[in-house]
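Undergrad: Sequence and computational prediction follow.
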Amino acid sequence: MKKNMMKKLLALALAGAMMLSVVACGSKEDTASGDSTAKETITFGTNAEFPPFEFVTSQGTIGEFDGIDMAIAKQIGEDMGKEAKINNMEFDSLLLALDNGQVDAVIAGMTVTDERKEAYDFSTPYYTATQVMIVKEDSDIKTAADMKDKKIVVIQGYTGETCVKDMGYDYEAFKKGTEAVLELVNGKCDVVVIDSATAEKFVGDNEGLKIVEDSSAFEAEEYAIAVKKGNTELLNQINSSIQKMLDNGTVSELSAKYLDMDIEEDASGSDAE
Ligand code: GLN
């Protein structure tokens with residue numbers, strides 16, 4: 001009698017456990033099925049040191065992150081029915097983060113280059129920029145060739161570094177644009193080579209600086225979103241969102257808005273002391 005009851009209980013418990021495990025497996029499969037619609041978030045990697053594209057502020061578009069790219073990322077998320085999240089990291093780590101699955105896509109004012117294209121897929125470009133030189137107002141630098149014997153500062157991993165390297169000039173690389181510009185403001189270097197729109201922001205934020213352009217030395221660069229090579233499903237979704245934002249004027253509106261905006265950046269030099 002006692003034995004029978006034990007057996008029955010055991011059988012019941014087993015059946016229960018099996019049912020539970022079936023349920024558990026079922027729900028697990030839903031999220032790990034690779035079906036992107038089952039996922040509720042899309043994580044973008046960025047380096048929020050690059051106004052007007054991405055910067056940290058008290059009330060941003062996605063959490064504390066704001067800028068042209070952040071607004072674009074948010075819209076892509078909305079178009080996909082997902083919440084856009086930001087993973088802020090060093091610029092140099094962004095593409096590696098795609099490799100190891102830390103982020104789904106990289107949006108960071110990132111220029112499409114042949115080298116990057118070999119290892120990653122890029123979306124439709126959404127912005128055209130160029131490298132420029134930031135110098136002191138009284139500088140005698142008028143062309144890229146004038147940088148020859150000057151103290152040049154670039155930002156590590158940016159296309160500006162590649163340009164200066166290719167020109168064969170010595171340079172020092174900093175991790176943040178704000179650090180590079182501070183170096184110039186403090187008279188410790190003669191020129192900072194950086195992307196045009198970001199240069200405008202930095203010159204606007206600091207007295208006594210000006211921008212020198214040299215279109216014969218610096219080619220046009222196109223910004224696009226990077227995804228893991230072969231992730232066509234995500235790339236197609238991103239592309240249709242970007243195309244929509246290019247066609248309906250959203251990208252131009254955002255560019256105008258953030259270029260005009262007096263950015264109260266938390267990172268604008270104040271943390272460099
Ligand atoms: N456009 C430059 C590059 O791709 C800089 C980008 C950035 O700092 N966010 O290297």
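TA: Good, I have the coordinates.
Undergrad: show me what contacts the closest residue in space to residue 76 that isn't next to it in sequence?
TA: The shortest distance from residue 76 to any non-neighbouring residue, by C-beta to C-beta, 6 or more residues apart in numbering, is to residue 241 (4.4 Å). Where you see a C-beta, it was placed from the backbone N, CA and C, and this is true even at glycine. Going by C-beta atoms under 8 Å, 6 or more residues apart in numbering, residue 241 touches 72, 75, 76, 79, 80.
Undergrad: Next one: residue 241 from residue 136, what distance?
TA: 41 Å (C-beta to C-beta, to the nearest Å).
Undergrad: Same check on residue 145?
TA: 18 Å.
Undergrad: Of these two, which one has the most company?
TA: residue 136 (16 against 12; other C-beta atoms under 10 Å).
Undergrad: where does that one land on pLDDT?
TA: pLDDT for residue 136: 98.
Undergrad: quick one, phi/psi of the residue sitting nearest the centre point of the chain?
TA: By C-alpha atoms, centre = their mean, the chain has its centre lying nearest to residue 108, at 2.1 Å. Residue 108 adopts backbone torsions of phi -150, psi 40, taken as degrees, to the nearest 10.
Undergrad: Give the other helices and strands that the longest strand seen in the chain contacts.
TA: Ranked by number of residues, the top strand in the chain under DSSP state E is strand 127-136. Under the contact criterion of 3 or more C-beta pairs under 8 Å, 6 or more residues apart in numbering; DSSP states H and E, strand 127-136 touches helix 159-167, helix 177-185, strand 191-195, helix 196-205, strand 209-212, strand 220-223.
Undergrad: strand partners of the helix or strand just after that strand, parallel vs antiparallel please.
TA: For strand 127-136, the succeeding helix or strand toward the C-terminus, using DSSP states H and E, is strand 152-155. Paired neighbours of strand 152-155 in the sheet (DSSP bridges): strand 172-174 (parallel), strand 191-195 (parallel).
Undergrad: Dump the ones you listed into a markdown table; add mean neighbour count, mean pLDDT and distance to residue 254 as well.
TA: Below are these laid out as a markdown table (neighbours: other C-beta atoms under 10 Å; pLDDT from 0 to 100; distance: least, C-beta to C-beta, whole Å):
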| stretch | mean neighbour count | mean pLDDT | distance to residue 254 |
| --- | --- | --- | --- |
| strand 172-174 | 16 | 97 | 27 |
| strand 191-195 | 27 | 98 | 16 |
